[in-house]
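Engineer: I would like to see how this sequence folds:
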Amino acid sequence: MSRAIRSHPILSRTAARIVVAGALLTAADASVPAMASSPTSPPARSGSNGPAYERVADFYGAYIDAVTDEGSGHLGRELRAFYLAKNLRTRLAAWEAREHADGVLRAQDVPRAWKVTPEDSGMGHTWSTVRLTWGSARHPKYTYLEVQSDLATKKISDIRAKS
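Structural biologist: The predicted structure is shown next:
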(Lines give C-alpha, C1' and ligand atoms only; values in the text may rest on other atoms or scores of the structure.)
Protein backbone atom coordinates (compact mmCIF):
# COMPACT_ATOMS: atom_id res chain seq x y z
CA MET A 1 0.00 0.00 0.00
CA SER A 2 1.41 3.40 -0.90
CA ARG A 3 2.32 5.96 1.76
CA ALA A 4 -0.41 8.36 0.51
CA ILE A 5 -3.15 5.75 0.98
CA ARG A 6 -1.85 4.70 4.40
CA SER A 7 -1.75 8.28 5.64
CA HIS A 8 -5.29 9.10 4.50
CA PRO A 9 -7.74 7.73 7.13
CA ILE A 10 -10.72 7.07 4.80
CA LEU A 11 -8.61 5.57 2.02
CA SER A 12 -6.68 3.34 4.43
CA ARG A 13 -9.96 1.95 5.88
CA THR A 14 -11.30 1.40 2.36
CA ALA A 15 -8.10 -0.33 1.29
CA ALA A 16 -8.19 -2.50 4.39
CA ARG A 17 -11.80 -3.45 3.67
CA ILE A 18 -10.87 -4.38 0.09
CA VAL A 19 -8.06 -6.58 1.33
CA VAL A 20 -10.35 -8.26 3.91
CA ALA A 21 -13.13 -8.72 1.33
CA GLY A 22 -10.67 -10.29 -1.11
CA ALA A 23 -9.42 -12.66 1.58
CA LEU A 24 -13.00 -13.64 2.49
CA LEU A 25 -13.90 -14.29 -1.16
CA THR A 26 -10.80 -16.42 -1.60
CA ALA A 27 -11.64 -18.42 1.55
CA ALA A 28 -15.28 -18.82 0.48
CA ASP A 29 -14.25 -20.02 -2.97
CA ALA A 30 -11.99 -22.62 -1.40
CA SER A 31 -14.83 -23.93 0.79
CA VAL A 32 -17.33 -24.50 -2.04
CA PRO A 33 -17.89 -28.26 -2.53
CA ALA A 34 -16.25 -29.81 -5.56
CA MET A 35 -19.62 -30.90 -6.93
CA ALA A 36 -20.72 -27.28 -7.39
CA SER A 37 -17.83 -26.60 -9.71
CA SER A 38 -17.97 -30.04 -11.36
CA PRO A 39 -18.71 -29.99 -15.09
CA THR A 40 -21.27 -32.81 -14.75
CA SER A 41 -24.71 -32.06 -13.42
CA PRO A 42 -26.35 -34.07 -10.66
CA PRO A 43 -28.75 -36.74 -11.94
CA ALA A 44 -32.23 -35.56 -12.80
CA ARG A 45 -35.44 -37.15 -13.99
CA SER A 46 -38.32 -35.55 -15.76
CA GLY A 47 -41.56 -36.61 -17.34
CA SER A 48 -44.33 -35.41 -19.56
CA ASN A 49 -47.70 -36.42 -20.85
CA GLY A 50 -46.02 -37.55 -24.03
CA PRO A 51 -45.93 -40.66 -26.16
CA ALA A 52 -47.49 -43.94 -25.08
CA TYR A 53 -44.11 -45.58 -24.42
CA GLU A 54 -43.43 -42.95 -21.73
CA ARG A 55 -46.61 -44.06 -20.00
CA VAL A 56 -45.37 -47.64 -20.24
CA ALA A 57 -42.16 -46.51 -18.51
CA ASP A 58 -44.16 -44.63 -15.87
CA PHE A 59 -46.30 -47.70 -15.25
CA TYR A 60 -43.40 -50.13 -14.94
CA GLY A 61 -41.49 -47.79 -12.63
CA ALA A 62 -44.46 -47.28 -10.32
CA TYR A 63 -45.60 -50.91 -10.51
CA ILE A 64 -42.18 -52.32 -9.65
CA ASP A 65 -41.97 -49.92 -6.70
CA ALA A 66 -45.45 -50.97 -5.54
CA VAL A 67 -44.77 -54.71 -5.65
CA THR A 68 -41.31 -54.23 -4.09
CA ASP A 69 -42.67 -52.25 -1.13
CA GLU A 70 -44.56 -54.70 1.04
CA GLY A 71 -46.63 -51.98 2.71
CA SER A 72 -48.07 -50.59 -0.52
CA GLY A 73 -51.45 -52.22 0.04
CA HIS A 74 -53.60 -52.22 -3.09
CA LEU A 75 -51.39 -49.87 -5.08
CA GLY A 76 -50.34 -52.53 -7.61
CA ARG A 77 -53.99 -53.33 -8.35
CA GLU A 78 -54.85 -49.63 -8.59
CA LEU A 79 -51.98 -49.01 -11.00
CA ARG A 80 -53.20 -51.90 -13.15
CA ALA A 81 -56.72 -50.43 -13.15
CA PHE A 82 -55.42 -47.05 -14.29
CA TYR A 83 -52.76 -48.06 -16.86
CA LEU A 84 -54.04 -51.36 -18.26
CA ALA A 85 -57.01 -51.90 -20.57
CA LYS A 86 -59.83 -53.88 -18.96
CA ASN A 87 -59.57 -56.84 -21.37
CA LEU A 88 -55.83 -57.09 -20.63
CA ARG A 89 -56.51 -57.21 -16.89
CA THR A 90 -58.90 -60.10 -17.51
CA ARG A 91 -56.32 -61.97 -19.63
CA LEU A 92 -53.59 -61.31 -17.05
CA ALA A 93 -55.75 -62.76 -14.27
CA ALA A 94 -56.18 -65.99 -16.27
CA TRP A 95 -52.45 -66.12 -17.09
CA GLU A 96 -51.50 -65.53 -13.44
CA ALA A 97 -53.85 -68.28 -12.20
CA ARG A 98 -52.33 -70.71 -14.70
CA GLU A 99 -48.65 -69.70 -14.28
CA HIS A 100 -48.61 -68.70 -10.56
CA ALA A 101 -46.61 -65.58 -11.41
CA ASP A 102 -47.10 -61.87 -11.92
CA GLY A 103 -48.42 -61.32 -15.44
CA VAL A 104 -47.14 -57.75 -15.73
CA LEU A 105 -43.59 -58.89 -14.98
CA ARG A 106 -43.99 -62.42 -16.35
CA ALA A 107 -42.13 -63.63 -13.27
CA GLN A 108 -42.51 -64.69 -9.65
CA ASP A 109 -39.88 -62.23 -8.44
CA VAL A 110 -39.41 -58.49 -8.81
CA PRO A 111 -36.67 -57.16 -11.12
CA ARG A 112 -34.08 -54.74 -9.80
CA ALA A 113 -34.25 -52.43 -12.83
CA TRP A 114 -36.23 -51.78 -16.00
CA LYS A 115 -35.81 -49.96 -19.28
CA VAL A 116 -38.44 -49.10 -21.90
CA THR A 117 -37.61 -48.58 -25.57
CA PRO A 118 -40.19 -47.44 -28.15
CA GLU A 119 -40.72 -49.67 -31.16
CA ASP A 120 -43.09 -49.53 -34.14
CA SER A 121 -46.53 -47.99 -34.36
CA GLY A 122 -49.42 -48.75 -36.67
CA MET A 123 -53.14 -49.45 -36.90
CA GLY A 124 -53.91 -47.44 -33.75
CA HIS A 125 -51.28 -49.13 -31.57
CA THR A 126 -47.69 -48.66 -30.58
CA TRP A 127 -45.27 -51.21 -29.20
CA SER A 128 -42.53 -50.87 -26.62
CA THR A 129 -39.84 -53.25 -25.49
CA VAL A 130 -39.46 -53.52 -21.73
CA ARG A 131 -36.15 -54.89 -20.53
CA LEU A 132 -36.26 -56.22 -16.97
CA THR A 133 -32.95 -56.64 -15.16
CA TRP A 134 -32.51 -59.49 -12.71
CA GLY A 135 -29.59 -60.70 -10.62
CA SER A 136 -26.63 -58.74 -9.34
CA ALA A 137 -25.01 -55.71 -10.89
CA ARG A 138 -21.95 -57.81 -11.69
CA HIS A 139 -23.96 -60.63 -13.28
CA PRO A 140 -27.19 -59.16 -14.68
CA LYS A 141 -29.73 -61.27 -16.52
CA TYR A 142 -32.39 -59.76 -18.73
CA THR A 143 -35.86 -60.67 -19.86
CA TYR A 144 -37.69 -58.75 -22.54
CA LEU A 145 -41.38 -58.02 -22.83
CA GLU A 146 -43.33 -56.70 -25.77
CA VAL A 147 -45.90 -54.19 -24.58
CA GLN A 148 -48.68 -52.91 -26.82
CA SER A 149 -50.44 -49.61 -26.10
CA ASP A 150 -53.55 -48.13 -27.65
CA LEU A 151 -52.66 -44.77 -29.25
CA ALA A 152 -56.09 -43.24 -28.56
CA THR A 153 -56.21 -44.05 -24.83
CA LYS A 154 -52.49 -44.71 -24.14
CA LYS A 155 -53.66 -47.70 -22.09
CA ILE A 156 -51.51 -50.82 -22.20
CA SER A 157 -53.50 -53.38 -24.17
CA ASP A 158 -51.13 -56.38 -24.29
CA ILE A 159 -48.03 -57.73 -22.52
CA ARG A 160 -46.14 -60.78 -23.68
CA ALA A 161 -42.68 -62.26 -23.52
CA LYS A 162 -40.62 -61.05 -26.43
CA SER A 163 -38.98 -63.77 -28.44
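
Engineer: contacts and neighbour counts: CA atoms only from here.
Structural biologist: OK.

Engineer: how about the helices in this structure?
Structural biologist: Taking DSSP state H as the test, the helices found in the chain are 3-7, 9-31, 34-37, 52-68, 75-83, 86-99.

Engineer: what about this structure, any weak spots by pLDDT?
Structural biologist: Residues of the chain meeting the criterion pLDDT under 70: 1-38, 45-48.

Engineer: Please repeat the previous calculation with a cut-off of 90.
Structural biologist: Within the chain, the stretches with pLDDT under 90 are 1-53, 69-73, 163.

Engineer: Tyr144 bridge partners, please.
Structural biologist: Arg131 (DSSP bridges).

Engineer: and it, how far is that from His74?
Structural biologist: For Tyr144, the distance to His74 equals 26 Å [CA to CA, to the nearest Å].

Engineer: neighbour count winner among these two?
Structural biologist: Tyr144 (19 against 10; other CA atoms under 10 Å).

Engineer: Please report the distance of the residue nearest to Asp158 when sequence neighbours are not counted from Glu70.
Structural biologist: Excluding the flanking residues, the one nearest Asp158 by CA to CA, 6 or more residues apart in numbering is Gln148, at 4.9 Å. For Gln148, the distance to Glu70 equals 28 Å [CA to CA].

Engineer: the more surrounded of these two?
Structural biologist: A side-by-side neighbour count of Gln148 and Glu70, using other CA under 10 Å, places Gln148 first with 24 against 8.

Engineer: Run through the residues that contact that one.
Structural biologist: Counting by CA atoms under 8 Å, 6 or more residues apart in numbering, Gln148 touches His125, Thr126, Trp127, Ser128, Ile156, Ser157, Asp158, Ile159.

Engineer: Looking at the residues you listed, state which has the most neighbours.
Structural biologist: Ile156 (27 neighbours).

Engineer: what's the closest non-adjacent residue to that residue?
Structural biologist: Nearest non-adjacent residue to Ile156 (CA to CA, 6+ apart): Ser149, at 4.2 Å.

Engineer: Excluding covalently adjacent residues, which one is nearest to Tyr142?
Structural biologist: Nearest one to Tyr142, counting by CA to CA, 6+ apart, is Thr133 at 4.8 Å.

Engineer: All set, thanks.
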